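# Here you go, sequence then predicted model.
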Amino acid sequence: MAHSRGSCYPAGVNLSGRLRLTTLGDVLGAVYRERTSGMLEVVETEGPYSGRTHRIHFVDGLVQDVESGASDGLHGEIGARLDALFLLGDARLTFHVARPGRRAERPLGPREFLHGRARSRDKVDQGRRRDPTRARALATLGLPDGADRAAVLRTFRMLASRLHPDRFPSATAEERASLMRRFAEITAAYHALVA
């Protein structure tokens, strides 16, 4: 994260100065975990409002106010202004030290500004869930979404030993064809997951 002169961004938190390289949820989470006081300046860098500045004020990691070109107002408006910032694709981020000033009657708590928000770790999980080939292959082998390579290998070996057509020498031609189809399905699923 870019620092302004005299900024006191939390030690141990290393965030990019650009929103496109992280998520606003990650930034707010870091500020909340470190119980930091100050102001996060968010300057839009793309679109028709490029250059527009938004400010998120924190006291002890909690969101006290969000200035977004709208007049100060009710508590609910703070949440609405913050919601709008989560829609930004890219922005410059700068954290400034706390200055004495007004405090909200009731700051937004972590449930209001963190829960259900996009985080970097979610992008990895979503990529996994959206891959229909992986989902079909896991379902074919009867494995859960989070199965690792070792679980895939164990399950494939177990199924292959049970379903291999050579284990059923007295099977009819129709049964043998069915076994071969099923064996081909689990083999294809295995290769889709470990290739």
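Cool, got the structure.
# Report the secondary structure element holding the residue of the chain positioned farthest from its centre.
Most distant from the centre of the chain: residue 170, at 52.8 Å, with distances by CA atoms, centre = their mean. For residue 170, there is no helix or strand it lies in under DSSP states H and E.
# where's it relative to residue 55, distance?
To residue 55, residue 170 is 78 Å away according to CB to CB, to the nearest Å. C-betas here are computed from N, CA, C, even on glycine.
# same question, residue 169
Going from residue 169 to residue 55 by CB to CB gives 77 Å.
# What of residue 195?
Residue 195 sits 49 Å away from residue 55, going by CB to CB.
# Over to residue 31?
As judged by CB to CB, residue 31 and residue 55 stand 13 Å apart.
# got any residues that touch both of these two?
The contact sets of residue 31 and residue 55 overlap at residue 40 (CB atoms under 8 Å, 6 or more residues apart in numbering).
# Of these two, which one has the most company?
With neighbours defined as other CB atoms under 10 Å, residue 31 and residue 55 compare such that residue 31 has more, 26 against 15.
# which residues does the more buried one contact?
Residue 31 touches 10, 38, 40, 58, 61, 95, counting by CB under 8 Å, 6+ apart.
# Residue 85 too?
Residues counted as contacts of residue 85 (CB under 8 Å, 6+ apart) are 24, 42, 54, 56, 66, 68.
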